[in-house]
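> here you go, sequence then predicted model.
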Amino acid sequence: MQMEVRPVRQLIGEVIVPGDKSISHRGVMLGALAKGTTRLSRFLAGEDCINTILAFQSMGIDIQMRSSSGEGGSDSSEDYTVLIRGKGLHGLQKPHSIIQAGNSGTTARLLAGILAGQSFAAVLDGDESLRKRPMSRIIDPLRKMGARISPQDHNTLPLTIQGSRLKGMEYTLPVASAQVKSAIVFASLYADSPSIIRQPARSRDHTEIMLQHFGGRVEEQEGTLTAYPAQELHGQDLRIPGDISSAAYFITAALLVPNSRIIMRGVGINPTRTGLLDVYRQMGADITVDNIRNAGGEPVGDITAAHSALKGIETGGSIIPRMIDEIPILALAATQAQGTTVIRDAAELKVKESNRIDVVVRTLQAFGADIEARDDGMLIHGPAPLTGCTVACEKDHRIAMMAAIAGLIAKGRTTITDGQWVDVSFPGFFHVIDRLRA
Ligand code: S3P
């Protein structure tokens, strides 16, 4: 669907961003494997998380989603509540057809860990984009635990996973990936002994937090995890925090559009996700976080961002996994900062929903930015005036949203030819822009 964005003079208001994508996926998975009912409010009804729901429904789990607008709901779409009647760790049934993860790497990789320990075989597939993404990163460690996984080719989807008896292992993750770590933690629930997982840097720890909430056991010591087998998990009532990765677009819009101030309430501020706030503050951004509280073990707060004069920065190392999904929007902010910005150690961007080094660089160059690709990141010289243009997001929701925010500060009209991809993580994104503009 073609979407048009025009420049704005000012953005003032409140945005309630949708629920966190990573936490929504994990809530469905753990709810399905727990005994009893799990209730997830502020659930993200984006396409990725719907694919996770469909996967568990196809394995015999009763999952219902209802809209509860008015209950502090998001202004973009309604607030959704999901009810899951879990059947316990051994309650899944063999699905009648292929499980479709769609565009969702989280669905595919975490589910692979769960399927590895079942007593049936299942086939896991994805869309054209997900079929290109690497799966050896989960196949290798799961095989080490005894999993039987047959890829059709090249260690990519589709995968046939024949459930088997799993054993504990010691494993060092080659990349700091929460998806891989979580696949191992899920498989460990079914193993005969604990697994030890070493990680090169800390990545998002939502699986660890939520699993403990459901009665499972996983321990972390100086970055090394011990993931334990489980006897039983118990259904929970959780309110999902707002997604900081979605908030990132409106934080950035507030920083870049003159005289703007945007407030976002109830956003997840888990330290494994707040790298962008740290970098923006170092760049001189006016961002405050108030009213910090706890939601199911996850810290949440109200974020206020206001227009700021930014300066370029060099960033890399262990902060990268703490902002991996926010690098496209950080690159846009850097095009408006005074001086040079260097983003290093971010080669993982090449295997996201698109090659986010190439696509970010190409897209921002089309707007007139001074940006070049590096093997592990980008080099950006600012500030550069942007001019509206026509871009395609290459089936990548985060590129579509980055381009839309660029359109708010660019001269003239910006057209995003395939704007429907925002529905993967932020249904109603363009309505929020319209409302703020008004
Ligand atoms: C996610 C982990 C990250 C992130 C993705 C969601 C998760 O991927 O990019 O959007 O929910 O675990 P990696 O673990 O591959 O870095």
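In hand now; what should we look at? Since we're looking at a predicted model, the values are computed, not measured.
> ranges for the strands of the stretch 51-200 of the chain?
For the stretch 51-200 of the chain, applying DSSP state E, counting those that start in this stretch gives strands covering 62-67, 80-87, 99-100, 121-125, 148-151, 159-162, 170-172, 195-198.
> same question, the stretch 201-350 of the chain
Going by DSSP E, counting those that start in this stretch, the stretch 201-350 of the chain shows strands at 218-221, 224-227, 237-239, 261-268, 286-295, 298-306, 314-315, 339-343.
> out of those, nearest to residue 5?
For residue 5, the closest of the strands of the stretch 201-350 of the chain is strand 261-268, at 16.4 Å, according to CB to CB. Quick note: C-beta positions are derived from backbone N, CA and C, even for glycine.
> same for that closest one, what does it pack against?
Judged by 3 or more CB pairs under 8 Å, 6 or more residues apart in numbering; DSSP states H and E, strand 261-268 is in contact with strand 12-15, helix 244-256, strand 286-295, strand 298-306.
> tell me the angle of that strand relative to helix 244-256?
Here the directions of strand 261-268 and helix 244-256 differ by 160 degrees (axes from the mean of the first three to the mean of the last three CA atoms, to 10 degrees).
> now residue 17, what's its secondary structure?
Assigned by DSSP: H, G, I helix; E, B strand; the rest coil, the conformation of residue 17 is coil.
> number of residues surrounding it?
As a burial measure, residue 17 scores 30 neighbours (other CB atoms under 10 Å).
> in TSV: the strands of the stretch 51-200 of the chain, plus distance to the ligand, mean neighbour count and mean pLDDT.
Formatted as TSV, the strands of the stretch 51-200 of the chain follow (distance: least, CB to the nearest ligand atom, whole Å; neighbours: other CB atoms under 10 Å; pLDDT from 0 to 100):
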stretch	distance to the ligand	mean neighbour count	mean pLDDT
strand 62-67	19	14	96
strand 80-87	17	22	98
strand 99-100	18	22	98
strand 121-125	16	20	98
strand 148-151	18	15	97
strand 159-162	16	20	98
strand 170-172	15	14	98
strand 195-198	13	18	98
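> make CSV from the strands of the stretch 201-350 of the chain and add distance to the ligand to it.
Output for the strands of the stretch 201-350 of the chain, formatted as CSV (distance: least, CB to the nearest ligand atom, whole Å):
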stretch, distance to the ligand
strand 218-221, 15
strand 224-227, 14
strand 237-239, 16
strand 261-268, 12
strand 286-295, 17
strand 298-306, 13
strand 314-315, 17
strand 339-343, 15
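> hey, which of the helices and strands packed on strand 261-268 is tucked in deepest?
helix 244-256 (a mean of 27; mean count of other CB atoms under 10 Å).
> report the inter-axis angle for that one versus strand 298-306.
20 degrees.
> check which helices and strands helix 244-256 sits against.
For helix 244-256, the contact count by 3+ CB pairs under 8 Å, 6+ apart identifies strand 261-268, helix 275-282, strand 286-295, strand 298-306, helix 327-335, helix 397-409, helix 429-437 as packing neighbours.
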